[in-house]
Structures are given as structure tokens and as C-alpha cells.
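[1] could you look at this predicted model? Sequence included:
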Amino acid sequence: MTSHSRLIFGFHSTLAKLRHDAGAVREIYVDSGRHDARLRDLLAHAEFAKVRVLPVPSVRLEAMAPGARHQGVIATVDSTQRHVTLDDVLDTLDEAPFLLVLDGIQDPHNLGACLRVADAVGAHAVIAPRDRAVGLTQTAIKVASGAAETVPYITVTNLARTLRELKERGIWLVGTDAEAEDDLYAAQWPVACAWVLGAEGDGLRRLTRETCDQLVSIPMLGSVASLNVSVATGVCLYEARRRLASQGSAGT
């Protein structure tokens, strides 16, 4: 891999690149022991885009990306090309969107930890405002422990407008607020959803809060009043993932 290339992992990221930015994809490594329909679909897109596919043993994939959640697919892409957009991700999903929105996170350690949680639960993308937020710094990338390469991190100029666009696509916005009447564990929400969490200390900005379809609170049974944003992200996303598993992808 050259200094002008990087790795992306997993079906969603690779397929989005093939469909919307195929010129940036140099080659794709796939698990030689995998032969399912999902891989066949990816191979068909790679063939159409004239991108070389290299079947390799799973141990080689592990060596290329130690500890990464690659799903048997790793692509080498040109790092000078544009990044995947939110439309790229949403237009290539074959399941209900499961997104994380971070409203103005300032601490790179928290951002990295949130990305790591998003990867662990299988979130399709993390969305954040371009301004008044920390951005994907080297510290955030290091804390993410590989998740910065596996989960699309999409920055937007106008977060409120992006949230409205998500709603137009039928994605339910669930925000967290310590004062919300709905308890996380008692509340109900649709399968297609985006979890919206606010900055350390200040929480969601007013316009972000007002744009959400629903607000929920995390029960606090001890003496502290709130949780760190990355911890709150883990609590909410794992509860959402637990319900997806129990519903078998059925709606609420």
C-alpha cells in the first residue's frame, strides 16, 4: 500500500465506493473461503467497475487489518479521492438504516470511543457537523482502534438540514436528553433510526433537539447526574441493537 492509499473494510463501505467512486478503488481482497450471495453481489459490482479482486485466505485479511471488523472484505482505495458521502451509504443499504449523529463533540477521545462503539454495534455511519466539533484527528483515530476506517465518518455543513433530510428518507431521529420523559428502556421507536447525542456537558443544541422525532433519557439510579457521551452512546446503541436482534428486523 502506498502513501496515497488507505484501506476500507466491510461490505457497506466497499460497495458504496464501487457504486459511487469506483475510480478510487484500486483492488479488493476477499476471503477465499466465503461464497455467499452477498459476496457474489460485491464481485459483480467489482467486475462491472473493472476493479481487480484478489481471493486470499482469511489469515491474510487478519494480518492486513488486525482486529478490524472487515467481514471478509478489504479494499485498497486512493486516499486522494473524495470520501464516501451520506447518500453513498444510504443508497447502498439492503437493510434499515442504523445511524449515529454526534452534535458538537469536542473531545477527540470521546469521538474515537463513539466510533469504536458504532463499529461494534454495526452502525452504518456516524454523522457530525463540520464546524464546532473536534473532527477526525490523529488522537480520535488512535482511540477508535481501527473503527475510523470501518465506519463511514461523515461531516456535514448544516446538521439541522441533514437531520431533516434523514427524516424525509423515513429515518426516525431519537435524541437523548436528561430531562426527557420517555425512559430509554420503556420507549419504542422504528427500526430505521438515527441516534442523536450531544456534546459533553451541554448536550444537544436547541435546533437539533427540536428536530428530533423523539427524546429519551437514560435512567440514572446513582448520585451522578449524567454519563460521558461515549458511554451514553454505548448504552443507547446496544439497546437499539438488542431490539433489532429480538425483532428479527421487524418494525416496532
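    Received, thanks.

[2] can you pull the contacts of the residue nearest to Leu184 when sequence neighbours are not counted?
    With CB to CB, 6 or more residues apart in numbering as the measure, Val216 is the residue that lies nearest to Leu184, at 4.8 Å, once sequence neighbours are left out. All C-beta atoms are positioned from the backbone trio N, CA, C, and that covers glycine. Contacts for Val216 were tallied using CB atoms under 8 Å, 6 or more residues apart in numbering; they are 174-177, 180, 182-184, 187, 236.

[3] for Val216, pull up the helix or strand it's in.
    In this structure, Val216 sits in strand 214-217 according to DSSP states H and E.

[4] which is the next helix or strand following that strand?
    In the C-terminal direction, the helix or strand that comes right after strand 214-217 (DSSP H and E) is helix 229-247.

[5] give the other helices and strands that that following helix contacts.
    Counting contacts by 3 or more CB pairs under 8 Å, 6 or more residues apart in numbering; DSSP states H and E, helix 229-247 packs against strand 98-103, helix 108-121, strand 172-176, strand 193-198.

[6] which among those is found nearest to Arg38?
    Taking CB to CB, strand 98-103 is the member of the helices and strands packed on helix 229-247 nearest to Arg38, at 17.1 Å.

[7] avg pLDDT for the closest one?
    The average pLDDT for strand 98-103 rounds to 97.

[8] repeat for stretch 23-42
    Averaging pLDDT residue by residue across stretch 23-42 gives 94.

[9] and for stretch 178-190?
    Here the mean pLDDT over stretch 178-190 is 94, rounded to a whole number.

[10] start the count at 25 instead of 1 going forward.
    From this message on, residue numbering opens at 25, which makes the last subject stretch 202-214.

[11] how long is that stretch end to end?
    The separation between the terminal residues of stretch 202-214, taken as CA to CA, to the nearest Å, is 21 Å.

[12] list the buried residues for that stretch?
    Of the residues in stretch 202-214, those buried under the neighbour-count criterion (16 or more other CB atoms under 10 Å) are 204, 208, 211, 213.

[13] same thing with stretch 165-175?
    Neighbour counts using 16+ other CB under 10 Å place 165, 167-168, 170-175 of stretch 165-175 among the buried residues.

[14] ok, so of the residues you listed, who is nearest Val83?
    Gly170 (17.4 Å).

[15] and the closest one, how far from Gly222?
    In this structure, Gly170 lies at 26 Å from Gly222, with CB to CB, to the nearest Å as the measure.

[16] related to what we said a few turns ago, farthest pair in the buried residues of stretch 165-175?
    Of all pairs drawn from those, the one with the largest separation by CB to CB is Val167 and Thr174; the distance is 14.1 Å.

[17] if we look at stretch 132-141, which residues are touching it?
    Stretch 132-141 has contacts (CB under 8 Å, 6+ apart) with 124, 126, 129, 150, 152, 157-158, 160-161, 163-169, 171-172, 175, 177, 221, 224, 252-254, 257-258, 261-262.

[18] pull out the buried members of the residues you listed.
    With neighbours counted by 16+ other CB under 10 Å, those contain buried members at 124, 126, 129, 150, 152, 157-158, 160, 164-165, 167-168, 171-172, 175, 177, 221, 253-254, 257-258, 261.

[19] roughly how far does the residue nearest to the spatial centre of the chain sit from Leu160?
    When CA atoms, centre = their mean is applied to the chain, the residue found nearest the centroid is Ala149 (2.4 Å). Applying CB to CB, one obtains 13 Å for the distance of Ala149 from Leu160.

[20] touching, Leu67 and Leu78? I think so.
    No: using CB atoms under 8 Å, Leu67 is not in contact with Leu78, being 11.5 Å away.
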